[in-house]
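1. Following is a predicted model, sequence given first.
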Amino acid sequence: METKHTVLAICPHADDAAAFFGGTLAKFAHDGWNVVLVRITDDCKDSVGSNIDDTMRINTEQLLAAGECLGVDEVVELNYESDALADVSEVDLREKIVYLFRKYRPYTVISFDPFGIYEGNMDHIVVAQAVEEAYWVSCFDLHYLHHFDEEGVTPFSVCERWYYGRNLPGANYIEDVTDFIDASLDALCAHDMMMRNLVSQLRLQAQTWGKIVPTLEDAQDGDLRPLLQKFLYGRAQAVAAKAGLPEGRFAESFRVTRFGGFEELFQSEGIPIDGAVSAPKRKIFGEEE
């Protein structure tokens, strides 16, 4: 039997984990979970003033550095071309994700919410949809038979689904990440190439607006940390305040689901399996932590 649970974090791009749920991922690692981070694309164009080859190489190096900040045990690369997933077969992508579910057998998966709103990045949308279908397809013993014959894996079902995104209308879970917010910032700063491209985008928009924003000008070729800290800490403080946490706390929000309409059945009849890793308690499901 496994000695600890696995959390599989699925990200379209290298910086998604640090930007959206870095504190939570670091907390999983601190609590003894096996943390596996999956990057779907190669981020080959996410830079400013560089070229394709160097952009891919540097963003990969910085992803690994960010992973170390968060306590990631393994990084898995699927190497799809960045910003082009809208042209990729969702079924083919789904098959690769199903295989990862069956191989790593995660208790928890963290992914973009396919039902989030105001999401303008098709890579995010395509990955979210592929993951959502992979949850049930991974259980079927007639889907992707070569997994069983060639890879030796078996059908598998994820227990917890944690959804993140720019806007989560159904957010129902808040993770207090106060003790891990600095690790999240360190990870975001590790994505130096991608963050400088973000600053470049903001500067271009400001120029179209007809103004210069000194903070952006200072960050373009200088220290990014003050700007990223203002963004990351400000958002996490707002989430914590909305959840009623004390002043000075930081939090990240998710939509978390588990057994759907069968929660009551599982709760009333569930019998522990000998040797199985103890399941984490979640207040949102009526359990005492």
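-> Structure's in. What do you need?

2. can you map out the strands along the stretch 51-200 of the chain?
-> 74-80, 108-112, 160-164, 173-176 (DSSP state E, counting those that start in this stretch).

3. what's the shortest one in contact with?
-> Translated: strand 173-176. Around strand 173-176, the neighbours that count as contacts under Cβ atoms under 8 Å, 6 or more residues apart in numbering are 21, 23-24, 27, 162, 239-240, 243, 245, 249-256, 282, 284. To be clear about C-beta, it is placed using only N, CA and C from the backbone, and glycine gets the same treatment.

4. Those residues in strands, which ones?
-> 162, 251-256 (DSSP state E).

5. ranking the strands of the stretch 51-200 of the chain by burial, who's on top?
-> strand 108-112 (a mean of 25; mean count of other Cβ atoms under 10 Å).

6. ok, that one: who's next to it in the sheet?
-> strand 6-11 (parallel), strand 160-164 (parallel) (DSSP bridges).

7. contacting residues around residue 187?
-> 17-18, 22, 26, 66-67, 69-70 are the contacts of residue 187 under Cβ under 8 Å, 6+ apart.

8. what would these look like in JSON lines with neighbour count?
-> Converted to JSON lines, the contacts of residue 187 look like this (neighbours: other Cβ atoms under 10 Å):
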{"residue": "17", "neighbour count": "30"}
{"residue": "18", "neighbour count": "30"}
{"residue": "22", "neighbour count": "29"}
{"residue": "26", "neighbour count": "26"}
{"residue": "66", "neighbour count": "27"}
{"residue": "67", "neighbour count": "24"}
{"residue": "69", "neighbour count": "20"}
{"residue": "70", "neighbour count": "27"}
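
9. about what we covered before: need the strands of the stretch 51-200 of the chain in JSON lines (columns: distance to residue 100 and mean pLDDT).
-> Formatted as JSON lines, those follow (distance: least, Cβ to Cβ, whole Å; pLDDT from 0 to 100):
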{"stretch": "strand 74-80", "distance to residue 100": "7", "mean pLDDT": "99"}
{"stretch": "strand 108-112", "distance to residue 100": "9", "mean pLDDT": "98"}
{"stretch": "strand 160-164", "distance to residue 100": "14", "mean pLDDT": "98"}
{"stretch": "strand 173-176", "distance to residue 100": "23", "mean pLDDT": "97"}
